[in-house]
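Engineer: Structural data only, the sequence is not supplied:
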């Protein structure tokens, strides 16, 4: 099977025997950035982004993709508008235990609604930025805006795609998830996004050390 991405209409996909665009199912699993922002008036927004990842470790830089528009008013999504106003955000690690709360914050609430309070999610203050942290999350990345990158708009709807790059200026870790001097990913059980409405959870890990050249056979 092969198809060009310029033609991803429902009819074209159906002709290929596909019910949905498989792109996001192929690029998977993807970490979920549960992003806390705060507007200039102090209203807090909390929203999950599956277009999220680390792009550099030194200096530590992460990104999230603010795609589309706000359902309520058709303007910028709160997580983009707020970071443009204040230049700060927090990435909260989403775990298996927090899956329902994360999903609740995926709804598009009006701009004046504090989604942490509306959903009943307890918060903790950050150290170096103003947006609060999700108290139940085992790890948080406090970030300062590095750059907003305009990506090509959605060819079908014209909706904007903006990549938000943030410099990680502070890291919080719950000590209960540090084992043998390492953050225990399997104990935290982070959630990841697949395609469609599917998710995955990390419960097992294995180690492979990078080989030296020349490679040894056998």
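Structural biologist: Received, thanks. Not measured: the values here are computed from a predicted model.
Engineer: Now do residue 98 against residue 201, distance only.
Structural biologist: Distance check for residue 98 against residue 201: by Cβ to Cβ, to the nearest Å, it reads 11 Å. Glycine gets a C-beta too; all of them are placed from N, C-alpha and C.
Engineer: joint contacts of the two?
Structural biologist: Taking Cβ atoms under 8 Å, 6 or more residues apart in numbering as the criterion, residue 98 and residue 201 both touch residue 191.
Engineer: In terms of neighbours, single out the busier of the two.
Structural biologist: Higher neighbour count among residue 98 and residue 201: residue 98, with 22 against 15, using other Cβ atoms under 10 Å.
Engineer: so what's the more buried one closest to, chain neighbours aside?
Structural biologist: Distances taken as Cβ to Cβ, 6 or more residues apart in numbering place residue 136 nearest to residue 98, at 6.0 Å, with adjacent residues excluded.
Engineer: right, and that neighbour touches residue 97 too?
Structural biologist: Yes. Under the criterion of Cβ atoms under 8 Å, residue 136 makes contact with residue 97 at 7.2 Å.
Engineer: Break down the protein into its helices, ranges please.
Structural biologist: 10-15, 23-26, 78-86, 99-104, 115-119, 185-188 (DSSP state H).
Engineer: Which stretch among the ones you listed is buried most, on average?
Structural biologist: helix 78-86 (a mean of 21; mean count of other Cβ atoms under 10 Å).
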